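Below are the sequence and a predicted model; questions follow.
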Amino acid sequence: MLKDLVNPTNVNIYVSKLSDVLIKAVEEPLGYAINWGRIYSLWPVHLETGCCSVEFGAASSPRYDVERFGMLEAFGSLRQCDLIVVLGTVTRKMAPRLRMVYDQMPEPKYVIAMGACAITGGLYLDSYNVLPGADSVVPVDVYVPGCPPRPETLIQGCFLLQEKIKRSKIK
Amino acid sequence: MNTATGFIKAIQSGTKHIVMKRFTLRYPEEKLKFTGDGYQFDPKKGVGIAGTRGRHILFHDKCTGCQLCAIACEGIAEAITMVKVDEQWKQNKKSIMPQIDYGKCVFCGFCVDACPFYALYMTNDYELSAYTKTHLIYTPAQLAVKPRDDGEVEIKMGKRGAYHGR
Amino acid sequence: MENKDNSFGQLIDTSKDLDNKITSNIIKSAIQNFNQKIQLVYEKPNRSKIFVNNESLVEVALFLRNTYGLDHVESMSGTDFPAENEIEINYHLGSYINQDLHPYILNLATRVDRENAKSNSLINIFPSVEYFERETYEMLGVYFVGHPRNEPFLLPEDWADLPPLRKDFKLKGR
Amino acid sequence: MGSLTPDFRFGNFVGSIVWLVFVILALVTLLILPIIFFTLFYIPLPVVDGEVLTPYLFFSMMVDPSRTLPIVQFFIHTDLFRAAIFPGFGFAALIAAATIFVERKLLAKMQLRVGPLYAGKVEGIFQLLADGLKLLTKEIIVPSGADRPIFWLAPIMYVSTAAAVVALIPVASGWVVADVDVGLIAAFAILAFFPLIALLFSWASNSKFPFIGGLRALHQMIAFEIPFFLSALPVVIMSSSLNLSDIARSQNIFWNIFILPINAFVFFISSLAELERIPFDLPEAESEIVAGWLTETTGMMYGLIQLGSYLKLYALAGLFVVLFLGGWSGPQIFPPELIPGAHDSNLPLLQMIALDGLYNPVTVNGIFWFLIKIIIVILLMLIVRGINPRIRIDILLHTGWYKLIVLTFINLFVVLMLIYGGVIGPGGLISAR
Amino acid sequence: MAGETATQFLPILYLFGFGILAGVPSIVLSRLLSPRRRHNPVKFLPMECGQVPSGEGRSHFMMQYYSYILMFVVFDVMSIFLYAWGTTFFSIPRESTLPMIGFLGIMFAAMGYALFLAGRKGIW
Amino acid sequence: MSTLDDKINEINRLAIQITKDNDDDRLMNLSIGPQHPGSGHFRIVIKVDGDYIVYADPDIGYVHRGEEKMSEHRNFIQNIPHLERPVIHDSTNIIYSYSLAIEELIGINPPRRGQFVRAIAAELDRLVYTTYWLAIYGIFLGHSTMFMWPTGDRELIIDLLERMTGHRVTHAFSVPGGVRNDIPYNFKEKCLTQINYFEKRLKEYEDIFYNNPLLRQRTEGVGIMNKEDAIKLGVTGSVLRASGVPYDIRKVEPYDVYDEIDFKVQYMKSCDTFARAYVPYLDMKESCHIIRQLLDKMPDEGSVREKIVGNVKAQPGETYRRVESGRGALGYYIISDGSTKPYRLKISTGSFRNILALPFLLVGSKLGDMPAIYWALNYWPIEADR
Amino acid sequence: MVDSIFVGLSIITVGSAILSLESRELLYGGIALAISMLGIAGYFIILDAPFVAMFQIAVYVGAVAVLIIFTVMLVRAPNTVTKKETRKRKITGILLGLAFLLLAGSILGSSAVTQLKFNEDAPVFDVQEIGKGLLTYYSPVLIVLALTLASAVIGALALARREDIEERNEPTN
Amino acid sequence: MNQPTDFLYIAVILVSIGIYGLVVKRNALRLIFSIELIANAVNLALIAFSRMLPSPEGQIFVLFSIAISAAEVAVGLGIIIVAYRFYKDIDITEYQNLKN
Ligand code: SF4
Ligand code: SF4
Ligand code: SF4
């Protein structure tokens, strides 16, 4: 009986069980806490691809004030940001730069496609210089329709993104 | 001296604002009130009902499937496609109705102007964000849903500046 | 510093009744000066269009600038006419110096061959034409002789298609 | 909250944090505590309350509240407590965190908006926690071609150096981490590290914008260092000491700001410049050079540098208070006893509190006044940020080198003349002592 | 007494250590907790506004202002010398201030001339 | 005062000297944008020598969307939504001049009330544009409060426009033949109170921003473009007026009802960046004044639109019409071949003309002046790219 | 306690002094020099000269090291790796250094200094003492020092000035 | 407690490192490093003696010495900058070569 308990394979099993328990015990609350932090601290990159930037400016104005959700507009470097809001038209000249900005951002990073242009190309469906949407360049998490979307729509899109982050794993 | 007065004035102006009312609209809790029940242009009177331009609303009992809205939109964003619906309406023999892709629509309202039967209106529903593009395509059935009308605040002028209030 | 003594925003007097006399004078004298080289295309209130040969474009522009103070280019564009196998280039000249000509825009038009599109640049006469000519170069493929930078700037760097504003450049689905 | 806000319960968040702490504590008790105990038996332990403190004793004392107090009292007076908690790191970090939050809220109020609101139940007080957690779990990118050792070390050095300045600030009479005789010069000497760190870090990141930012930081800090030094000189003359506690003590009648207002002004401006705060935030001017020397910092590195700069803000504001606002001096408003009659009480616990051990009216008073003053100074710095645009590097250098230095020199001569004229100084009309 | 100074300064080192204690674990923890995706060479390029970087990253020098650094070295020394005098001010006879005034005068003149030279920004 | 030619020579001389010295490590290439907090949708390639800019080349076209080509494939009404996109926050003005041109080509005249409503919308839009511009100018100079106040006060005007047209910025309001819908009831009173409040707020900007000594130091005497240079470079709008040329199309070539309005052309003679930053502000004050007059003079009754159908045919011919937008002259050159679509449409925008002045102003100034000079040019990148 | 600090300081000081000369990159050399200076400031603190120690830190780390590192960054030419270091020269250098070390060390070791002890009860000189000395007995030196510093700064500026480019006339206010 | 000799030994070591650098290194900046090392070693010895005697004079001397060496560094680096501008190198043998 006792021998069985202390035989090496069993011990191994105990140890792995213990570590499982530990990971279970830590992982979920840790993920919860960290996702909570990520939700309320989305710093968008300052990359303006189209005219939706006007309404993005309005979203950080005193009337809508996205800083309530911890978003800081006009933030300096892309190295400290976690969110690209693709602000409208992705032209063929801008697309490589957009990709590069996305690549250079640190993980974890999220993308919101704002405006009809960034979703499907919108008005510029037949233009020779506009890509049909940002999702051919970067993976998009949330689509915010409108031309330009109202700031409320953008904020609602951010809520959707928060919901998504909440469900995601931290690593 | 000029410099000093400049700074003092600036500090005055800045500190004055600390006691002013906040202008912020606390969006998820408060929503803006929009006048009218939808955007529509009345060609006879030449006068329109002002309202916000959000998602469309389609009155199935009025739409005849004439495709004029789709034609109007064709040169703009190609957001409208006519789809078959299961319903039977006597004014709509072909049983086709507009389906709007909000990934393309630019909310210009020209389709509303074009509709001769007052079947298409624009409402104050702007909360349209979605996770995928397919969620943005609104079928006629979805378009028929009346939006919630729960906005009640608007800009008010007070003694301590403008604010949002009921 | 200096602007203390400035009185911001004085009311300036502009003659309200805009008569067309001066503008017709301009065109008349220009036509006289370059007898057959200039054709009058139309004349409307405050707008007129003259057509010159590409060879005499520079002289005419110089004359217009020096004589009447048409000192800047409001707009410049090119239009493709595939039927006539020509590209028309329009310079819309306006004046800031000459108070009487303030509301007046002169459309100075010239045409170049479509296949071998080459035109004389006006950059030495109107520095303001620099970007317009560059744009015309890349949008219509008109090479401007004398312009220092005939290189694309609006289109992506790797643009290898036809110049987009030519009529035989087809948009997708149209 | 509204219908659309994610159903993220704040209570759940707190619960998960508590659970995490519990798990960590459990691990510590199981694994690390034995090790600590084992080593403790070999280390000479302090004598508390006439007994050598052994782990057994420690635990038995912890159980009995009347015996806990002496331990607390003992620990409060150790250097470790000072360095780690009260006038030292913990306190400064707390003030730094509060400053960040107040800054965001105050600026928001000045700009007619709300500021952080949803992180945490009340007015977004946990915004900083959210930012910190986010930064903690952010990937750290080291750019290719970066000078790795310097790149990794510089943020840590930045925080440490800022913390080292904090050590010199006396909070109340006798409450200072390092009571150095040459405290003022020591503060200046440590502050001189920052340009070097900024320069090296910007060099290490092998990128253009950081390097411009680093050079700007260097030029800016050295331009303002000399007015910074010289503006504090009359203070030293007045109190004949370099010890910051002595300087504070010497002003309990007249604060220096009344005698030397111009110096205080110059000191304030220069410390703003040292801190790279808004009229002088050229090294981080985002509309010119992206984020300046912080452009390549990612995740926790950025967080550490921010922590460092707010620690520095606390330290410099504290220096200002000590040099010009009389440190902790102020009218005694706290009662001699926290609980009236506790002195004569039979309860040992109350007696313990009443005795000079834990509640000391003079110290509490000093801390109170110091806090009030430092809050005012920090608020001033924040308001300056709200109303001014950034200035240009050559105007800045011009201000630092030509205007402020000349101002301090002139002021120095004025002070000398006043002393010789018998107005100030010992035996003068307005005696500082 | 001997060695007293060292004990005075030791707490500064403690706090320095606390800075490191705050810094190192947080960076280590951050390395542990943060996600790291597969190697992507673009990510590690120096950041240059979404552009592929061109030229060298460390080649910019504001040589217009180099003279200020040169000046700083000298005037830094001067200003700390003044502290030695400032603390002693009231405990020495008044005549002894005269050399300091001379010192100040000379340095002030030097500074004036140096600032004049530096204002002409002709270095490099 | 160095002339423009001198400046060009100076640039060339510097370039030659740089190559001659072969001091390549002295110069540094900086690319300001596209991802840069101080650039927006475009890029300036600059070379700096220490703190001085020795070479600057704006690289525009990041939002070039081919509006001109697209408009050849859409009829006159369908063109409206995409033609207003280049400046969505000044959309009434950019469509205003389009409407004028099409009206001329088709040969209709909007009703009088329609003209007034259109002018009101245009002036309100000018306010919206200029406040946004001012906000960005504030953040470019590192003044975060100056970003927040104008963007906040701008919402007052946006609220008015939303009541009027139904959309926050992209109104599609002005159409050939008038405006699309009438203004709502009690709009007049609402407009007056909000405009009055807005004007009061404008005074605050002077205190905290324009009279701030630090701002004055940064902008005064920087980036001087004197009258001759400005005329030569053909700049327009506030940039031109800041250089001492009182040229405002609303005055020199009044369209619609502007000849009945009494207003001043705001201009300054100091020719520097401060003047360029201050003239739009003066314009805003003047706009409030104009709106009050327009509201006063507007007829109470009447239709607002001469209805045209989507596939209306225009007479063959061409026209060039312009209005004074927030950024200066905004002209449409439209050639029609008699069909329902324009044969060629050219937009001549103020931004495209003003950006030409950027290299001349930047070269020789300091890196720190870059955002101040750049944004004071009253430049909106998308409008230049189209 | 003090002993261990002393040993640690010695290792840091001497090690970084060697590193400052032998490091491959000049920049690391500069940093090592600064650390070596810091070590010496540490000795000063042990030797109860806090003012001098702070002076050393402020001047050497705050000013001199900054200037040196700035110059190192500036002159970063491709050939900063020392190339003119012939083997012969290196050996000579090491021998010379060792010779001096042995000589001076042996002199020191055999001299009477070894018998000398620090006086435990000696007063610690604070700044007042130094200031007094500086301003009374050594006041002429102070003037000379002022002249030296003045000539140094003017000389350095005049030296480093570039004569061949004309000044940009710029509006400094 | 340490004895004066300990500090003097350290000073001697530093001086010999400095001498080694002066002899071996041909890089102008390294020469300045060596000079600084020697100067510092001397300062250390001075302070050690001042502590030993005890007298404040040593500290005063060290103050002067540091001031002078700061001035020397300023001038030295000014010279290096000038030389680098002309020769594009900071190697002193290079300077001699170019002179001829
Ligand atoms: S969606 Fe509309 S507003 Fe946004 S970029 Fe595209 S055209 Fe502009
Ligand atoms: S609003 Fe405009 S874009 Fe949207 S469906 Fe109607 S016509 Fe099309
Ligand atoms: S919505 Fe109106 S226009 Fe469209 S198909 Fe129905 S009736 Fe016709």
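Alright, I've got the coordinates. Ligands and ions are numbered 1, 2, ... in the order given.

Just the pLDDT for residue 11.
In the absence of a named chain, chain A is used. Per-residue pLDDT puts A:V11 at 72.

Switch to chain F, please.
58.

do the same with A:I34
81.

D:G90 too?
pLDDT, D:G90: 81.

do the same with D:F41
69.

so what's F:L160 up against?
Contact analysis of F:L160 by Cβ atoms under 8 Å, 6 or more residues apart in numbering or on different chains lists F:124, F:187, F:190-191, F:194. Every C-beta, even on glycine, is put in place using the N, C-alpha and C of the backbone.

D:Q111 now?
A:62, B:17, D:386, F:144-145, F:148-149, F:152.

likewise B:C69?
Going by Cβ under 8 Å, 6+ apart, the list of residues near B:C69 reads B:80, B:98, B:111-112, B:114-115, B:120.

make it 6 Å
B:80, B:98, B:111, B:114-115, B:120 (Cβ atoms under 6 Å, 6 or more residues apart in numbering or on different chains).

quick one: which of those is nearest to C:Q36?
For those, the closest approach to C:Q36 (Cβ to Cβ) belongs to B:A114, at 52.0 Å.

From ligand 3, how far off is the closest one?
From B:A114 across to ligand 3, the span is 6 Å (Cβ to the nearest ligand atom, to the nearest Å).

could you say which helix or strand contains the closest residue to that residue other than its chain neighbours?
Nearest residue to B:A114, sequence neighbours excluded (Cβ to Cβ, 6 or more residues apart in numbering or on different chains): B:A72, at 3.7 Å. Taking DSSP states H and E as the definition, B:A72 sits inside helix B:68-74.

Could you pull out the buried residues of the next helix or strand after that helix?
Using DSSP H and E, the helix or strand that follows helix B:68-74 in sequence is strand B:80-84. Going by neighbour count (16 or more other Cβ atoms under 10 Å in any protein chain shown), the buried part of strand B:80-84 is B:80, B:82.

hmm, the helix or strand that strand B:80-84 is followed by touching chain A?
Following strand B:80-84 in sequence order, the next helix or strand is strand B:96-101 (DSSP H and E). No - Strand B:96-101 is not in contact with chain A by Cβ under 6 Å from any Cβ of the partner chain; minimum separation 7.4 Å.

Neighbouring strands - and their directions - for strand B:96-101?
strand B:80-84 (antiparallel), strand B:137-138 (antiparallel) (DSSP bridges).

can you give me the strands in the stretch 101-250 of chain F?
F:174-175, F:178-179 (DSSP state E, counting those that start in this stretch).

before we move on, the earlier item: gap between the helix holding B:A72 and the chain center?
19 Å (Cα atoms, centre = their mean, to the nearest Å).

just to revisit the earlier point, can you tell me which of the contacts of D:Q111 end up in helices?
In helices, defined here by DSSP state H, the members of the contacts of D:Q111 are D:386, F:144-145, F:148-149, F:152.

Turn the strands of the stretch 101-250 of chain F into JSON lines, columns for mean pLDDT and mean neighbour count.
Below are those laid out as JSON lines (pLDDT from 0 to 100; neighbours: other Cβ atoms under 10 Å in any protein chain shown):
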{"stretch": "strand F:174-175", "mean pLDDT": "83", "mean neighbour count": "28"}
{"stretch": "strand F:178-179", "mean pLDDT": "81", "mean neighbour count": "29"}
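
for the ones you listed, which one sits closest to chain A?
strand F:174-175 (16.7 Å; Cβ to the nearest Cβ).

which neighbours does the closest one have in its sheet, and in what orientation?
According to DSSP bridges, strand F:174-175 has these partners: strand F:178-179 (antiparallel).

Pop out the phi and psi values for the closest residue to chain B within the stretch 1-150 of chain F.
Using Cβ to the nearest Cβ, the closest approach of the stretch 1-150 of chain F to chain B is made by F:Q78 at 3.3 Å. Per-residue torsions, F:Q78: phi -70, psi -20 (degrees, to the nearest 10).

Run a quick neighbour tally on it.
25 (other Cβ atoms under 10 Å in any protein chain shown).

Count the neighbours of the nearest residue to it once chain neighbours are set aside for me.
Excluding the flanking residues, the one nearest F:Q78 by Cβ to Cβ, 6+ apart is B:G75, at 3.3 Å. By the criterion of other Cβ under 10 Å, B:G75 has 21 neighbours.

Surely B:G75 touches F:N79?
No - contact between B:G75 and F:N79 fails when scored by Cβ atoms under 6 Å: they sit 8.0 Å apart.

Look up the closest residue to C:D161, ignoring the ones flanking it.
In space, C:D161 is closest to C:F169, 7.0 Å off (Cβ to Cβ, 6+ apart).

Quick check: mean pLDDT of stretch D:166-186?
81.

How about it and chain E, touching?
Yes - using Cβ under 6 Å from any Cβ, stretch D:166-186 reaches chain E at D:167, D:177-178, D:180, D:185.

how about those residues, which pair is most distant?
Longest span within the residues of stretch D:166-186 next to chain E, Cβ to Cβ: D:V177 and D:I185, 16.8 Å.

Looking at the two, which is more packed in?
Set side by side, D:V177 and D:I185 show more neighbours around D:V177, with 30 against 26, by other Cβ under 10 Å.

Which helix or strand contains the more buried one?
Using DSSP H and E, no helix or strand contains D:V177.

What distance do you get for the closest residue to it other than its chain neighbours to chain F?
Spatial nearest neighbour of D:V177, excluding adjacent residues (Cβ to Cβ, 6+ apart): D:A167 at 4.1 Å. Going from D:A167 to chain F by Cβ to the nearest Cβ, to the nearest Å gives 32 Å.

Could you pull up the mean pLDDT of stretch A:71-78?
Mean pLDDT, stretch A:71-78: 72.

okay, how far is it across it, tip to tip?
End-to-end distance for stretch A:71-78, by Cα to Cα, to the nearest Å: 14 Å.

Which residues of chain A lie near chain H?
By the rule Cβ under 6 Å from any Cβ, no part of chain A lies against chain H.

For chain A, give me the ranges with low pLDDT.
A:1-6, A:73-75, A:171 (pLDDT under 70).

Nearest residue to the residue in chain B positioned nearest to chain C in space, please, no chain neighbours.
Nearest residue of chain B to chain C: B:E78, at 8.8 Å (Cβ to the nearest Cβ). Leaving aside its sequence neighbours, B:E78 sits nearest to A:L125 (Cβ to Cβ, 6+ apart; 5.7 Å).
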